[in-house]
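[1] Structure for the following, please:
(one chain, ligands or ions: 1)
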Amino acid sequence: MQLKDLKDAELKGKKVIARFDFNVPLSKTEPRTITDTSRIDMAIPTIRMILEKGASKLILISHLGRPDGEVNPKYSLEPVAEYLANKLGTDVILSASAIDNGVKNLLQLPETKVVLLENIRFIAGEEKNDQALSEKLASYGDIYVNDAFGAAHRKHASVYGINAFFKGRAYAGLLMKKEIDSLSTLLDKPAKPFVAVIGGAKVSDKIKTLEKMMVLVDTLLIGGAMAYPFLKAKGIEVGKSLCSDEDVSLAKQLLMQDKGGKIQLPKDHVASLEFGGAPLPCPGTNIPSDQMGLDIGPLTIAAYSDHIKTAKTIFWNGPMGLFENKDFSKGTMSIAHAIAETKAFSVVGGGDSVAAVQQSGEAQNFSHVSTGGGASLEYIERGELPGIQALKYGV
Ligand code: AMP
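    Residues are numbered from 1 along each chain as shown. Sure, this is the predicted structure:
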């Protein structure tokens with residue numbers, strides 16, 4: 001069931017407990033400030049809708065970072081509470097703990113409207129899908145809303161187990177719905193040609209995504225460090241580039257499966273004598289033995305852009321090089337611009353590629369920028385996620 005279909009009368013005066021993914025990047029030094037607010041910004045329409053439909057209280061749950069079940073002030077949601085309060089123009093009270101006895105008292109006060117529970121991963125039961133924790137959280141609200149697509153691949157208490165206590169009263173938020181609709185379009189009815197661009201660090205990290213893409217797409221453009229095991233598997237020299245034996249054997253298997261010639265590999269590179277050192281053009285496919293590839297070269301950018309131009313559906317995950325360093329960001333930025341220029345249905349998913357799209361200034365020219373890193377890849381691999389299943393069918 002979806003929040004947008006819930007009638008105002010059904011929500012009026014109700015206490016809503018809602019799970020969001022406010023796992024935003026924070027500055028490394030004090031005062032800790034949010035360096036990219038996208039995940040909170042994309043949750044705002046759901047929050048506003050709950051309040052506008054007349055909920056009496058809104059209790060927000062989120063995790064931040066990986067505190068591993070222990071209280072760690074470094075991962076406090078305080079900066080999130082502050083940002084939300086400014087953005088919503090209302091007080092947002094941060095509870096001392098998600099299971100603090102004071103939460104219930106707080107909710108008795110007429111002036112309390114929005115409460116943000118402190119980082120749910122400060123409590124060990126969250127990642128263990130502890131039933132008592134789910135029950136405690138459920139006791140705060142009459143209705144449950146899950147808008148945390150980025151956490152929907154986790155079988156955690158606030159995402160999964162909690163659904164047991166809201167039979168017929170659990171709803172998907174607006175962002176959750178948008179994520180599912182966009183990714184389902186890729187899986188169920190992609191307009192052809194379908195081109196996927198897959199980059200990043202390791203083949204082994206994304207082997208399931210690559211296998212799924214081999215089935216779905218017409219063309220699979222490989223970039224980033226991910227490309228070198230494929231090149232090596234074809235007998236091409238990759239010098240000192242990132243390239244493990246395990247990845248070479250996985251790449252070999254994928255190349256063997258690729259009867260239709262879907263896989264495209266870099267034709268040239270930008271290399272360096274050392275990681276992040278001075279950039280050196282590498283105009284051929286082979287990389288000299290004393291160099292490492294750190295970006296795709298101009299011939300590859302042109303060839304990949306030509307494939308992208310013909311596409312009606314595009315999925316992108318993983319940067320084309322060491323894009324965090326300006327000297328090796330051209331491949332990734334060029335791919336972002338090439339995708340943005342098309343009229344294709346375009347989806348970018350995965351933490352680093354989303355950061356790259358933001359950096360390119362092209363985010364608004366993509367059909368969908370997925371907030372889920374691991375969650376979007378798992379959804380593509382399996383067509384389902386535990387948190388979504390639980391929302392639909394209970395646990
Ligand atoms: P992933 O999380 O698998 O998408 O990997 C993203 C990371 O891979 C980014 O931090 C990139 O800087 C890094 N990366 C991409 N291409 C290369 C490369 N050619 N050499 C080293 N690191 C790379």
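[2] the bottom helix or strand of the chain by mean pLDDT?
    Lowest by mean pLDDT, DSSP states H and E among the helices and strands of the chain is helix 351-360, with a mean of 86.
[3] tell me the pLDDT at F366?
    Model confidence at F366, given as pLDDT, is 97.
[4] Is it correct that it is in contact with V348?
    Yes. With contacts defined as Cβ atoms under 8 Å, F366 counts as touching V348 at a distance of 5.5 Å. The way it works is simple: take the backbone N, C-alpha and C, and place the C-beta from them, glycine included.
[5] Off-centre distance for the very next helix or strand once past the least confident helix or strand of the chain?
    Proceeding C-terminally, helix 351-360 gives way to strand 368-369 as the next helix or strand, assigned by DSSP states H and E. A distance of 10 Å separates the centroid of the chain from that of strand 368-369, by Cα atoms, centre = their mean, to the nearest Å.
[6] Please point out which parts of the helix or strand that strand 368-369 is followed by sit buried.
    Moving toward the C-terminus from strand 368-369, the next helix or strand (DSSP H and E) is helix 374-382. Within helix 374-382, the residues that qualify as buried are G374, A375, S376, L377, E378, Y379, I380, E381, counting by 16 or more other Cβ atoms under 10 Å.
[7] Am I right that G235 falls within a strand?
    No. Looking at G235 with DSSP: H, G, I helix; E, B strand; the rest coil, it is coil, so not inside a strand.
[8] Relative to the ligand, how far out is it?
    Distance from G235 to the ligand, counting by Cβ to the nearest ligand atom, to the nearest Å: 19 Å.
[9] same thing with N23?
    Separation of N23 from the ligand (Cβ to the nearest ligand atom): 16 Å.
[10] which SS state does the closest residue to that residue other than its chain neighbours fall under?
    Computed as Cβ to Cβ, 6 or more residues apart in numbering, the closest residue to N23 that is not its neighbour in sequence is L64, at 5.4 Å. Judged by three-state DSSP, the three-state class of L64 is coil.
[11] wait, L64 sits on E118?
    No. Under the contact definition of Cβ under 8 Å, L64 does not touch E118, with a separation of 9.5 Å.
[12] Between those two, which contacts overlap?
    Here L64 and E118 share the contacting residues S76, L77, scored by Cβ atoms under 8 Å, 6 or more residues apart in numbering.
[13] how about the residues of this structure near the ligand?
    Counting by Cβ under 6 Å from any ligand atom, the positions of the chain adjacent to the ligand are 200-202, 205, 224-225, 242, 293-294, 318-319, 321-324, 350, 352.
[14] redo that, cut-off 8 Å
    199-202, 205-206, 223-228, 241-242, 275, 292-295, 317-325, 328, 350-353 (Cβ under 8 Å from any ligand atom).
[15] Low-confidence ranges, the stretch 251-395 of the chain, go.
    Counting by pLDDT under 70, the stretch 251-395 of the chain contains no low-confidence segment.
[16] the strands in the stretch 151-300 of the chain, which residues?
    Along the stretch 151-300 of the chain, counting by DSSP state E, counting those that start in this stretch, strands occupy 170-172, 194-198, 219-222, 263-264, 269-272, 280-282, 292-296.
[17] Turn the ones you listed into TSV, columns for distance to A81 and mean neighbour count.
    As requested, the strands of the stretch 151-300 of the chain are exported to TSV (distance: least, Cβ to Cβ, whole Å; neighbours: other Cβ atoms under 10 Å):
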stretch	distance to A81	mean neighbour count
strand 170-172	23	23
strand 194-198	37	27
strand 219-222	42	25
strand 263-264	46	20
strand 269-272	43	26
strand 280-282	48	16
strand 292-296	40	28
